[in-house]
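Peer 1: Build me a model:
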Amino acid sequence: MTFNLPRAHLALSERTGRIPALALLSWLVETAGVVLMAGLALLVLANATGRYFFASPLPWTEEVVSILLVWIAAIGVTLAAGRGALVGCEILTSRLRPRQARTLGRAISFVSALMMLIVAWYAWRYMGVFGRDTTPLLDIPKSWLSGGLLAAALGMAMAFLYRTIMPQDPDRLAREVTP
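Peer 2: Below you'll find the model as predicted:
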């Protein structure tokens with residue numbers, strides 16, 4: 001079975017079309033990701049231009065790029081979890097009846113949500129200990145960096161809880177992902 005990411009996006013759109021708040025939230029998170037990616041690309045381009053053409057790099061861009069990368073990853077993994085687009089093994093579920101596959105999917109989503117809440121708890125504790133430390137050049141609190149891990153864990157927990165309540169229909173998913 002092959003997995004087609006654009007079709008996973010359509011599956012989410014179909015479901016969130018019934019719930020306008022989720023469609024709006026998905027659009028806002030996607031837009032934030034696009035804006036952060038554009039900012040990252042501009043910073044890297046500006047730094048490379050300064051370094052190679054003017055022999056004057058922007059030393060502070062490394063700090064900002066590090067923070068942006070963590071937040072972009074947090075947004076991406078949260079969107080992927082909500083769309084069911086994370087790498088998964090369908091060897092077992094493809095051999096189950098639709099109802100059994102849905103039940104197993106709900107159980108896995110619930111356990112995954114619990115695990116992400118545990119990760120979020122540790123990220124919160126880490127921020128409490130090291131969050132007031134600052135970056136060397138811009139004096140930005142390191143909690144902006146570690147906050148991305150907290151956001152990713154909480155976002156994924158919410159996505160997995162949503163998938164626990166609203167599981168994917170294995171028959172419809174099979175129809176969408178087969179060529």
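Peer 1: Helix, strand, or coil at residue 56?
Peer 2: Per DSSP: H, G, I helix; E, B strand; the rest coil, the local secondary structure of residue 56 is coil.
Peer 1: what separates the closest residue to it other than its chain neighbours from residue 138, distance-wise?
Peer 2: Leaving out its chain neighbours, the residue that sits closest to residue 56 by Cβ to Cβ, 6 or more residues apart in numbering is residue 50, at 5.1 Å. C-beta here means a position set from N, CA and C on the backbone, and glycine is covered the same way. As judged by Cβ to Cβ, to the nearest Å, residue 50 and residue 138 stand 16 Å apart.
Peer 1: ditto for residue 98
Peer 2: Applying Cβ to Cβ to residue 98 and residue 138 gives a distance of 53 Å.
Peer 1: Please enumerate residues in contact with stretch 51-68?
Peer 2: Defining contact as Cβ atoms under 8 Å, 6 or more residues apart in numbering, one finds that stretch 51-68 is touched by 36, 39-40, 43-44, 46-47, 50, 135-138, 140, 144-145, 148.
Peer 1: Out of those residues, which two sit at the greatest distance?
Peer 2: Maximum pairwise distance in those, criterion Cβ to Cβ, is 26.0 Å, between 50 and 148.
Peer 1: which of these two has more neighbours?
Peer 2: residue 148 (21 against 15; other Cβ atoms under 10 Å).
Peer 1: ok, the more buried one - contacts?
Peer 2: So residue 148 contacts 67, 70-71, 73-74 (Cβ under 8 Å, 6+ apart).
Peer 1: Any quick ChimeraX command for the buried ones out of those residues?
Peer 2: A single ChimeraX command selects the buried members of the contacts of residue 148 (16 or more other Cβ atoms under 10 Å):
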select :67,70,71,74
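Peer 1: Among the contacts of residue 148, which lie within strands?
Peer 2: Among the contacts of residue 148, DSSP state E puts none in strands.
Peer 1: so can I have a markdown table of the contacts of residue 148 showing distance to residue 159 and pLDDT?
Peer 2: What follows is the contacts of residue 148, written out as a markdown table (distance: Cβ to Cβ, whole Å; pLDDT from 0 to 100):
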| residue | distance to residue 159 | pLDDT |
| --- | --- | --- |
| 67 | 23 | 94 |
| 70 | 18 | 94 |
| 71 | 16 | 95 |
| 73 | 15 | 94 |
| 74 | 12 | 94 |
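Peer 1: can you tell me which of the contacts of residue 148 lies nearest to residue 103?
Peer 2: The closest of these, once distances to residue 103 are taken by Cβ to Cβ, is residue 74, at 29.8 Å.
Peer 1: Relative to residue 136, how far out is that closest one?
Peer 2: From residue 74 over to residue 136 (counting by Cβ to Cβ), the distance is 23 Å.
Peer 1: Equivalent analysis for residue 87, please.
Peer 2: 36 Å.
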